[in-house]
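S.K.: Turn this into a model:
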Amino acid sequence: MLNGSCLCGAITFTAKGGARPPAACHCNQCRKQSGHHWASVQVMDDDLTITGTPKWYASSVTAKRGFCPNCGSFLFWKGDADPDTGISLGALDGPTGMHLARHIFTADKGDYYDIPDNVRQEEKENE
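M.R.: Next up, the predicted model:
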């Protein structure tokens, strides 16, 4: 089970069940919203319980991003047609035991940093 919250605690969440291996997204939208790349893990919507009311921003015609309307913490990414939701690894409480499995949208990464680890890199998602 994964538990997490925003910085101020107004939004909390619990994810039970399995999760896809975590990824770091380097796309322009994730970098602009998070201030760097955004690391997340996908969990099935049926296994995710959110307490509080996140604000959702339609970041494209096919996806939205959820954040706390009080403190601004970027917590969720949701593709409109997807059965799962991405939750911020940085918002999780305690040790997760997880390790990044891939970096996605590396073609869009900022020029101010390198990706030094040996984790798989995809210029786009699902190459």
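
S.K.: And the helices in this structure?
M.R.: 28-34 (DSSP state H).

S.K.: which non-adjacent residue is nearest the residue nearest the centre of it?
M.R.: By Cα atoms, centre = their mean, the chain has its centre lying nearest to residue 40, at 3.3 Å. Distance criterion Cβ to Cβ, 6 or more residues apart in numbering; nearest residue to residue 40, sequence neighbours excluded, is residue 86 at 3.9 Å. The C-beta positions use only the backbone N, C-alpha and C, and glycine is treated the same way.

S.K.: residues contacting that neighbour?
M.R.: Contacts for residue 86 (Cβ atoms under 8 Å, 6 or more residues apart in numbering) come out as 40, 41, 42, 76, 77, 78.

S.K.: Tell me what the last one is bridged to.
M.R.: When bridges are assigned using DSSP bridges, the partners listed for residue 78 are residue 64.

S.K.: Relative to residue 84, how far out is it?
M.R.: 8 Å (Cβ to Cβ, to the nearest Å).

S.K.: How many residues are close by the spatially closest residue to residue 105 that is not a sequence neighbour?
M.R.: Distance criterion Cβ to Cβ, 6+ apart; nearest residue to residue 105, sequence neighbours excluded, is residue 27 at 3.9 Å. Residue 27 is flanked by 18 other residues according to other Cβ atoms under 10 Å.

S.K.: okay but residue 27 is in contact with residue 106, surely?
M.R.: No - Residue 27 lies out of contact with residue 106 (Cβ atoms under 8 Å); the separation is 9.3 Å.

S.K.: joint contacts of the two?
M.R.: By Cβ under 8 Å, 6+ apart, no residue touches both residue 27 and residue 106.

S.K.: Just the C-alphas of stretch 58-73, formatted as PDB.
M.R.: Extracted as PDB, the C-alpha positions of stretch 58-73 are listed here (Å, rounded to 0.1, in the frame of the first residue of the first chain):
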ATOM      1  CA  ALA A  58      -6.600  20.100 -18.500                       C
ATOM      2  CA  SER A  59      -3.000  20.200 -19.700                       C
ATOM      3  CA  SER A  60      -3.900  18.800 -23.100                       C
ATOM      4  CA  VAL A  61      -6.900  17.600 -25.000                       C
ATOM      5  CA  THR A  62      -6.300  14.100 -23.700                       C
ATOM      6  CA  ALA A  63      -4.900  14.500 -20.100                       C
ATOM      7  CA  LYS A  64      -5.200  16.500 -16.900                       C
ATOM      8  CA  ARG A  65      -2.900  17.200 -13.900                       C
ATOM      9  CA  GLY A  66      -4.100  17.200 -10.300                       C
ATOM     10  CA  PHE A  67      -2.700  19.500  -7.700                       C
ATOM     11  CA  CYS A  68      -3.500  20.900  -4.200                       C
ATOM     12  CA  PRO A  69      -5.400  24.200  -4.500                       C
ATOM     13  CA  ASN A  70      -3.900  25.300  -1.200                       C
ATOM     14  CA  CYS A  71      -0.200  24.600  -1.400                       C
ATOM     15  CA  GLY A  72       0.100  23.900  -5.100                       C
ATOM     16  CA  SER A  73       1.700  20.400  -4.800                       C
END
